[in-house]
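Visitor: Here is my input; please provide its structure:
(chains A, B, C and D)
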Protein chains: 2
Amino acid sequence: MPVCIVNPTPHIGDRIVTPLSDANPTPPERAAGRTDEALSADARTRSRPTMRHVATLAGVGVKTVSRVINGEPNVSAATIERVLKAARSLDYEPDLHAGNLRRADGRTRTLGLLVGSVDNPFAGAVHRAVEDAALARGVAVFASSLDDDPEREQAAVSAFLRRRVDGLILTTVSEDQAYLAPELRRGTPVVFVDRQPAGVTSDSVVSDNTAGAAVATRHLIAHGHRRLAYLGDRHDIRTAQERRRGFLDELGRAGIATGDAPVVEGLHDEETARQATLALFEADDPPTAIFSAQNLVTIGVIRALRELGRHLDTALVGFDDVPLGDLLVPGVTVVAQDPHAIGRIAAERVFARLDGDESSARRTIVPTRLIERGSGELPHRASAR
Amino acid sequence: MPVCIVNPTPHIGDRIVTPLSDANPTPPERAAGRTDEALSADARTRSRPTMRHVATLAGVGVKTVSRVINGEPNVSAATIERVLKAARSLDYEPDLHAGNLRRADGRTRTLGLLVGSVDNPFAGAVHRAVEDAALARGVAVFASSLDDDPEREQAAVSAFLRRRVDGLILTTVSEDQAYLAPELRRGTPVVFVDRQPAGVTSDSVVSDNTAGAAVATRHLIAHGHRRLAYLGDRHDIRTAQERRRGFLDELGRAGIATGDAPVVEGLHDEETARQATLALFEADDPPTAIFSAQNLVTIGVIRALRELGRHLDTALVGFDDVPLGDLLVPGVTVVAQDPHAIGRIAAERVFARLDGDESSARRTIVPTRLIERGSGELPHRASAR
DNA sequence: CCTAACGCTGACATCGTTGTCAACGGGGCA
DNA sequence: TGCCCCGTTGACAACGATGTCAGCGTTAGG
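Guide: Prediction:
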């Protein structure tokens, strides 16, 4: 086995390629064998074995093979043995989709999951929960990233539907999901996560955005802050709107003028959030406390505050937890969502629908939890500047 | 739209469920219509429309619909128009798998991806890169978590194969992937990521584990440390073995006795790593520097060092980057992998194979990069204790 | 002893689509 | 005019599996 020693400080992007011994010398080729011997020899090598190959080798009919593979009753023990042996020797794997074409229930045992980005920790947790629920039922999960792009949303849904997924779990960003109406009418379960649907009615599972934002805001106000800034996601995302509303409502409730509270929207990643924060502190009358409405935004804000050296005197509460948030100094106070619960519940809703639950659409609101770690408890003091 | 106010400090796990107006009132039922009117009416409502439904509505044959849907030539403009109109009005989506059954190339435009856990940031980045490459080719990605469970590995591969994925990108953990040999013989592209295959020969894309670990170790030694501990993953994972070897070899090269260097293995999450670290400091002669060989292990070590108040006098270099590692105090020095490159290259290998590349199997080694952030540059001083 | 019932089995149609092939009609050319 | 070619179209088989059904042999019951 060749060992490769790399330059101690290599440039990422370089790579070292090591050729190994020959493999896959057999070019792909579809079988056309018809005689029994041809079938058998052929299945054992190039082409993918079908039930007919197994049946021929076992000396039984295809239907009998089907019965054995699917564990149907009324096959003699000896026959089962022969069929299994043949299947093993050919390394036979049944074609789920071919079977599905004819099968009565028409289920592909497949789910489509659309999340913000499979790279985001929130999405990762949702995905993992969905997968765990799916695995228990032998269901595979297609995962796709949305990137807040409405076209990508529709393209992903279309790709899922062409592959005949049994159900959809969707984070959406388009104005309106009316395009899903025909599919819903056909009975395909669709559960919206993190975002609520518009233009159609279906199950959804979301965090309590308004209340969570209000809790965060109240927390900052309770520590003496009167000049609070909101930094959030695109305004056309309803989830972001709810968080903003929770923030502004709470300001109003505390008698703080909402008109001149700095509200920055349209942030979608660390870098834009960082720059927005820097700009906020360049302007007159910078905030003494910040509510950041999304995990990547929170990280961008933290970076900016560090750069400005204001992280110890500017209070911060973020919506959605941040990895290692407890190990930073100060610790990052957040309104934590429960992405694992969101994913699990969404999957449960899909499976309940598949199992025949025809009750009316349900909105499940998963509570958030304020986690105090320091950044949100920084008191207001006379401006440091 | 009902608004729900949640208890300010709710217990996560509770949830609020709001019933919405009725939806999906149509029970699922397979169509059996035969006459043209029945076909049409039926397709428009309950059942999923097929090409025959579209053909009937457009007044053409199914093959013509097939031609239009697939953009094949030799269909008159007027016919195309009629067919598209009919397809749109029925909200027709072709069945990729049915087509695939008959199609010459036999491609499902689907990929199977097996990673440690879709929840892990390394895996998320790999996944995202694979998805991006796949999206460009209209390929959907099945993602599945391995959890270092050999049975899960085989079950996942089997689930992928039953769904006839065009290619596999696998993180493996079983002793031996000989079970893949028949599939490889059939020409299915398989690319191993992060782990190298055993018992079969196929493409792989891995980080330069040995060199990376050596760089990390050399870095710690250069800062005066002589008592270095290794904390790593399960010993039966080859990737972990390589990192350990890189560590021990480098110790040897520096003339440090490897026999009594603390080497803790079998760690698989933050908690086990944390406890192992605590134990290390309870014993005599604790290390002054730690090399942690995996991202979750690194985090566990950091937590333990914080608890012990030793984070400012114990040097630490981790293998694989840690989210927000630059914002901790001290910053976490790591040997960063390039998971995005790993995923991208793996996907490129799969697609190259699908495009007919039959060159011999290739091992691509993606370099690592030492990122100095503070924790790895803590100097050795006389024991603080 | 006859018949019904049952366990076991395979022939056949079918699922939704595409590959093959032949038919049709019109235009260009000899 | 006759022929061929080509663009357009649809009938039909086939892909790999399952649902249906009928046939076989054996056993239980009358």
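Visitor: Which helix or strand in chain A has the lowest average pLDDT?
Guide: helix A:36-44 (a mean of 49; mean pLDDT, DSSP states H and E).
Visitor: Name the next helix or strand downstream of it, please.
Guide: Next helix or strand after helix A:36-44 toward the C-terminus (DSSP states H and E): helix A:51-58.
Visitor: tell me what that following helix is packed against?
Guide: Under the contact criterion of 3 or more Cβ pairs under 8 Å, 6 or more residues apart in numbering or on different chains; DSSP states H and E, helix A:51-58 touches helix A:36-44, helix A:62-69, helix A:77-90. Placement of C-beta: from N, CA and C, glycine included.
Visitor: Indicate which one of those helices is closest to A:Val317.
Guide: Nearest of the helices and strands packed on helix A:51-58 to A:Val317, taken as Cβ to Cβ: helix A:62-69 at 55.8 Å.
Visitor: helices or strands up against the closest one?
Guide: helix A:51-58, helix A:77-90.
Visitor: can you list the ones you listed in JSON lines and add mean pLDDT and mean neighbour count?
Guide: Formatted as JSON lines, these follow (pLDDT from 0 to 100; neighbours: other Cβ atoms under 10 Å in any protein chain shown):
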{"stretch": "helix A:51-58", "mean pLDDT": "96", "mean neighbour count": "22"}
{"stretch": "helix A:77-90", "mean pLDDT": "96", "mean neighbour count": "16"}
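Visitor: Regarding the closest residue to chain B within the stretch 251-385 of chain A, what are the backbone dihedral angles?
Guide: Residue of the stretch 251-385 of chain A nearest chain B, by Cβ to the nearest Cβ: A:Pro367 (3.6 Å). Torsion angles at A:Pro367 (phi, psi; degrees, to the nearest 10) stand at phi -60, psi 160.
Visitor: where does it land on pLDDT?
Guide: Per-residue confidence at A:Pro367 stands at 97 (pLDDT).
Visitor: where's it relative to A:Val334, distance?
Guide: 14 Å (Cβ to Cβ, to the nearest Å).
Visitor: Looking at those two, which has the bigger crowd around it?
Guide: Using other Cβ atoms under 10 Å in any protein chain shown, the more surrounded residue of A:Pro367 and A:Val334 is A:Val334, with 28 against 25.
Visitor: So for that one, what's the nearest residue that isn't a sequence neighbour?
Guide: Excluding its sequence neighbours, the residue lying closest to A:Val334 (Cβ to Cβ, 6 or more residues apart in numbering or on different chains) is A:Gly318, at 4.6 Å.
Visitor: how close does the one you found sit to A:Val165?
Guide: Distance of A:Gly318 to A:Val165, given as Cβ to Cβ: 34 Å.
Visitor: the more surrounded of these two?
Guide: A:Gly318 (29 against 26).
Visitor: So the more buried one sits against A:Val335, correct?
Guide: Yes - counting by Cβ atoms under 8 Å, A:Val335 is a contact partner of A:Gly318 at 7.3 Å.
Visitor: Give me the common contacts of these two.
Guide: Listed as contacting both A:Gly318 and A:Val335 by Cβ atoms under 8 Å, 6 or more residues apart in numbering or on different chains are A:Ala216.
Visitor: Just the element for A:Ala216, please.
Guide: Per DSSP H and E: helix A:209-222 holds A:Ala216.
Visitor: and that helix, anywhere near chain B?
Guide: Yes - interface with chain B: helix A:209-222 contributes A:Thr210, A:Ala211, A:Gly212, A:Val215, A:Arg218 (Cβ under 8 Å from any Cβ of the partner chain).
Visitor: can these go into JSON lines with extra columns for neighbour count and distance to B:Glu72?
Guide: Converted to JSON lines, the residues of helix A:209-222 next to chain B look like this (neighbours: other Cβ atoms under 10 Å in any protein chain shown; distance: Cβ to Cβ, whole Å):
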{"residue": "A:Thr210", "neighbour count": "22", "distance to B:Glu72": "52"}
{"residue": "A:Ala211", "neighbour count": "24", "distance to B:Glu72": "55"}
{"residue": "A:Gly212", "neighbour count": "29", "distance to B:Glu72": "53"}
{"residue": "A:Val215", "neighbour count": "25", "distance to B:Glu72": "58"}
{"residue": "A:Arg218", "neighbour count": "18", "distance to B:Glu72": "63"}
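Visitor: need the residues you listed in TSV with distance to B:Thr272 and pLDDT, can you?
Guide: Below are these laid out as TSV (distance: Cβ to Cβ, whole Å; pLDDT from 0 to 100):
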residue	distance to B:Thr272	pLDDT
A:Thr210	39	97
A:Ala211	36	97
A:Gly212	32	98
A:Val215	34	98
A:Arg218	38	98
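Visitor: List just the nearest of those residues to B:Arg48.
Guide: A:Thr210 (37.9 Å).
Visitor: Look up how far A:Asp260 lies from that closest one.
Guide: Taking Cβ to Cβ, one finds A:Thr210 at 22 Å from A:Asp260.
Visitor: cool, A:Ala254 as well?
Guide: Using Cβ to Cβ, one gets 14 Å for the distance from A:Ala254 to A:Asp260.
Visitor: who has more neighbours, these two?
Guide: Between A:Ala254 and A:Asp260, A:Ala254 has the larger neighbour count (other Cβ under 10 Å), namely 15 against 9.
Visitor: Identify the residues contacting that one.
Guide: A:Arg218, A:Ile221.
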